[in-house]
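Novice: Predicted structure and sequence below. I'll ask about it afterward.
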Amino acid sequence: MNTPIGGQRGAWGKTAASGSSRRWRQLRLAATAAFLVAVLAGCVTAVKVESGQHAVGQRLVFNLEGPWNQIKLPNAGLAEIWTMEGLPVDQLLVYSGLKDGEDLNAATAAGPMQGQKRSFTFKSGMQPEQIVQLFEGMFTRDGSTFALTKLEPASFGGSHGFRFEYGLTRKVDNVQLSGLGFVAVDKGELFAIVYLAPRLTFFPRHVARVQQMAGSAIIRHGSS
Amino acid sequence: MQRREFLGFACACCAAGWGSIARAQSESAAAPGSVADWKVPAKFTRPDIATDEGGLWALMDREETRMRRSPFLIRDQALRDYVQSVACRLGAEHCPDIRVYVMHTPMFNASMAPNGMMQVWSGLLLRVENEAQLAAVLGHEIGHYLERHSIEKLRDAKSRLAFGQMLGLLGLVGAVGQLAMLAGLLGYSRDQERAADRIGLQLMHRAGYDTGEAVKIWDNLLVELKARPDGDPAKNSPLFASHPPAEERRETLARLAAQYPGGVSNEQALLDVIQPMRFDWIVDEIKRSQADESMALFTRMLAHKAQQPDVLFARGETQRLRAKGGDMEAAVSDYLAAAAAGGEPPETHRGLGMIYRSRGQAADEKASFARYLEMAPGAPDAAMIKSYVEELNG
């Protein structure tokens, strides 16, 4: 059975392969091949993120009601990359304290990161729409198309922030994805979680978990 | 040839498209020739699957099936019929074999596969000013198709592959050989591009189009590429990556076009059919985040026709997002001009509101956001904008 990067069957229910279509089998086969190459090269690791309280960086804390996988890739940028089903099936980008002038760029399930010259620099004075545009630019760097479907104020980590919903049509395989993000800028630093998964099956399967995670987030103020 | 290499070749041929015309060598360096000598070949019959050409067709058939299902395919029937009709007008007796697919991709390109599948990207349709310019691009691609250039490339690649494999036995030298072979797969040869140029112009003329419009496409592309921060398109764009110098090539096209005076451009016909999609394509262009190129494009469009509220908005939005030097002032000016012209996109007022917000001009911000919400109450960011207005209301 093929397993996507980071997808760990049995730990928390079914993974993408169960009942999958031919497309998904092909996608997973490609992901597995990439994974095996990367593992053999010693450059990718997958770590289980356990339920319970979990800190990302020094200031962002979550209370997780279920486990995740964290994927560690070389040159993956400043975001932590989490997944339930394995890359490139679904992906959660977690930013904890991105500073003014730092690059949002991360390896994403939307398209390749390496070889791209564009930068997505966060500025502490950015408006919500500008921050969303940074994510949009990052997700569409391979020619994928992004459509914002909702942008509204929301609390995140105890700070005044916003949430956004979006759709993405991935160029490489024409898969339609849905996404959800929660963002806050606290003391000039960006805190965010941005989820992305195929519109059918996987996004509905995990969106409640992402919302729970966002609702449990706390941005610490003491240590900064 | 290995299947993977074969597929790579096929994709390279498709991807080469119109962009690869830049690789054609200067006509001034070679005899321009008279295109009048060239005759449209008889319709092609489907090659035997056991042949290399048959294999290439089969691969392209599979790609065509994928394209038909693609969410990037633009399914507007009027647009599809229109672009197909232009291709048919050019292809004449080959019309039944040409199948055009308009794809939602914001770059300038078109390509044609040996099985008759043609791709036209939305970025091209946004950029051409009339039907004759569209015909120039399609005619060039049909020229490659009629001359079966991709088959020539396939056979050239096969011979290179055999040579490369022989070099592969020699280690590092073999690697160099493989690289050289791969380089050869990227696009058509200069002679092939030259031929496609000539045939394309002849097809345009035969179909009654103004061949001079082919030159204008080149001019317009150059303006965009020269606007890039990295400057010289000959050095930095794959579109212009090889000689001859772009200006020289332009002159060559002009000289060839002069052999075929007259013809129509059909500007309104194109504008009418793309109108329902045009704003989406303009937004796609803004989202490319290539502000300098986009500014050159929108400025050219406004120079062609000044009172276009959607393009005025687009230029204003591009400047607001670029936010350099006097961009904000210029953005306000364009937004206000769009509003004054009437029929402006609602986002014009959102853009104004954002600038006023950044400047602390509360009254103007409130008025602009109120207008935006009035025009687009169901906008995805309506809740966010309302929160700004509520902040102002205290």
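Specialist: Happy to help now that I have it. Note that the structure is predicted; figures quoted are calculated from it, not measured. Residues are numbered from 1 along each chain as shown, chains lettered A, B, ... in the order given.
Novice: Please, which helix or strand holds the spatially most central residue of chain A?
Specialist: The centre of chain A sits closest to A:Leu92, judged by CA atoms, centre = their mean, with a distance of 2.2 Å. Assigned by DSSP states H and E, A:Leu92 falls within strand A:91-98.
Novice: Contacts for that strand next, please.
Specialist: A:56-60, A:68, A:78-84, A:104, A:106, A:108-109, A:122, A:189-197, A:210, A:224 (CB atoms under 8 Å, 6 or more residues apart in numbering or on different chains). To be clear about C-beta, it is placed using only N, CA and C from the backbone, and glycine gets the same treatment.
Novice: Give the burial count for residue 188, as a bare number.
Specialist: No chain in the question, so chain A it is. For A:Gly188, the number of neighbouring residues by other CB atoms under 10 Å in any protein chain shown comes to 14.
Novice: other chain: chain B
Specialist: For B:Tyr188, using other CB under 10 Å, the count is 24.
Novice: Which pLDDT does the model give it?
Specialist: We note a pLDDT of 76 for B:Tyr188 in this prediction.
Novice: Compute the inter-axis angle for the helix or strand where A:Met213 lies and strand A:91-98.
Specialist: Remark: A:Met213 resides in helix A:202-216, with elements defined by DSSP H and E. Taking axes from the mean of the first three to the mean of the last three CA atoms, to 10 degrees, one finds helix A:202-216 and strand A:91-98 inclined to each other by 30 degrees.
Novice: Distance from helix A:202-216 to the middle of the chain?
Specialist: Distance, stretch centre to chain centre, for helix A:202-216: 12 Å (CA atoms, centre = their mean, to the nearest Å).
Novice: Which residue is the nearest non-sequential neighbour of the closest residue to chain B within chain A?
Specialist: The nearest approach of chain A to chain B comes at A:Glu152, 3.6 Å away (CB to the nearest CB). Excluding the flanking residues, the one nearest A:Glu152 by CB to CB, 6 or more residues apart in numbering or on different chains is B:Ala383, at 3.6 Å.
Novice: What are the boundaries of the strands in the chain?
Specialist: Just going to use chain A. Using DSSP state E, the strands of chain A run over A:45-49, A:52-56, A:60-64, A:68-72, A:80-83, A:91-98, A:145-156, A:159-169, A:176-186, A:189-198, A:218-219.
Novice: that's the wrong chain, I meant chain B
Specialist: Going by DSSP E, chain B shows strands at B:99-103, B:110-112, B:117-121.
Novice: The shortest one packs against which elements?
Specialist: The reference is to strand B:110-112. helix B:3-16, strand B:117-121, helix B:131-146 (3 or more CB pairs under 8 Å, 6 or more residues apart in numbering or on different chains; DSSP states H and E).
Novice: Run the chain-centre distance for it.
Specialist: On CA atoms, centre = their mean, the centre of strand B:110-112 falls 10 Å from that of its chain.
Novice: Ok, stretch B:325-342 next?
Specialist: 28 Å.
Novice: ok, back up a step: and the helices and strands packed on strand B:110-112, which one is worst for confidence?
Specialist: Looking across those, the weakest by mean pLDDT turns out to be helix B:3-16, at a mean of 46.
Novice: Cool, thanks, signing off.
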